[in-house]
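>>> sequence and predicted structure are below.
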Amino acid sequence: MIEDQEYSSIRPLIDWLDYNGYTVVTKATKEFVDQTGRRKVKGNMDIELAVDAMELAPHIDHMVLFSGDGDFRSLVESVQRRGVRVTVVSTVSTQPPMVADELRRQADVFLDIVELQPKIGRDPSERPPREPRERQHTPQFLQRGPAPQRAGGDSDDDFDD
């Protein structure tokens, strides 16, 4: 989280998760100027996530990791040695893929986030209007395309529950 930022686009998600019983861990970002003189913001929770996972491992059967970072491969291997099954959720649908091969291979189950969209996504037309933001960009793999059409052209029941 950017400390002095009045509003963050992820604040509603954080509030919803907290309200619904999830433990939400945040950390202040660090700002720096890169070699070209551009201001950069860096936020990294890798160590905190790894420590929490190792502390939870004796108490859980299955861990779901939403990351494609290959640095987590050794964490996944370590919790697996403690008897925990691990599902990694990321994507191979982008170019380049957003999941490291070594992490995908280490996981007990790899789930491409694109497969979750029909289950947890919603049609953009159903969303309340948002105020425009500068440089807003939704990654292509999260953008909804046109609804698939069946051979008969009837698209009223394209998705089964």
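Thanks, I have the structure now. Numbering: from 1, shown residues only.
>>> got the contact list for the residue nearest the centre of the chain?
In the chain, the residue lying closest to the centroid (Cα atoms, centre = their mean) is residue 66, at 4.8 Å. Contacts for residue 66 were tallied using Cβ atoms under 8 Å, 6 or more residues apart in numbering; they are 89-90, 113. (Glycine included, C-beta is placed from N, CA and C.)
>>> select from those the one having the most neighbours.
residue 90 (22 neighbours; other Cβ atoms under 10 Å).
>>> and the contacts of residue 66, which of them are in helices?
With helices defined by DSSP state H, the entries of the contacts of residue 66 inside them are residue 113.
>>> for residue 7, state which of the contacts of residue 66 is nearest.
Within the contacts of residue 66, proximity to residue 7 (Cβ to Cβ) peaks at residue 113, which comes in at 25.8 Å.
>>> how much space separates the closest one from residue 89?
Using Cβ to Cβ, to the nearest Å, one gets 6 Å for the distance from residue 113 to residue 89.
>>> and what of residue 95?
From residue 95 to residue 89 the distance is 19 Å (Cβ to Cβ).
>>> now swap in residue 79 and tell me
For residue 79, the distance to residue 89 - Cβ to Cβ - is 15 Å.
>>> could you list the low-pLDDT ranges of this structure?
127-161 (pLDDT under 70).
>>> starting at the chain centroid, how far to the longest helix along it?
Assignment by DSSP H gives helix 46-56 as the longest helix of the chain. Mean-position distance between helix 46-56 and its chain equals 17 Å (Cα atoms, centre = their mean, to the nearest Å).
>>> which other residues reach it?
With Cβ under 8 Å, 6+ apart, helix 46-56 has contacts from 25, 27, 63, 65, 67, 69, 71-72, 75, 78-79.
>>> give the buried residues for whichever helix or strand comes after that helix.
For helix 46-56, the following helix or strand on the C-terminal side (DSSP states H and E) is strand 62-66. Across strand 62-66, burial judged by 16 or more other Cβ atoms under 10 Å covers 63, 65.
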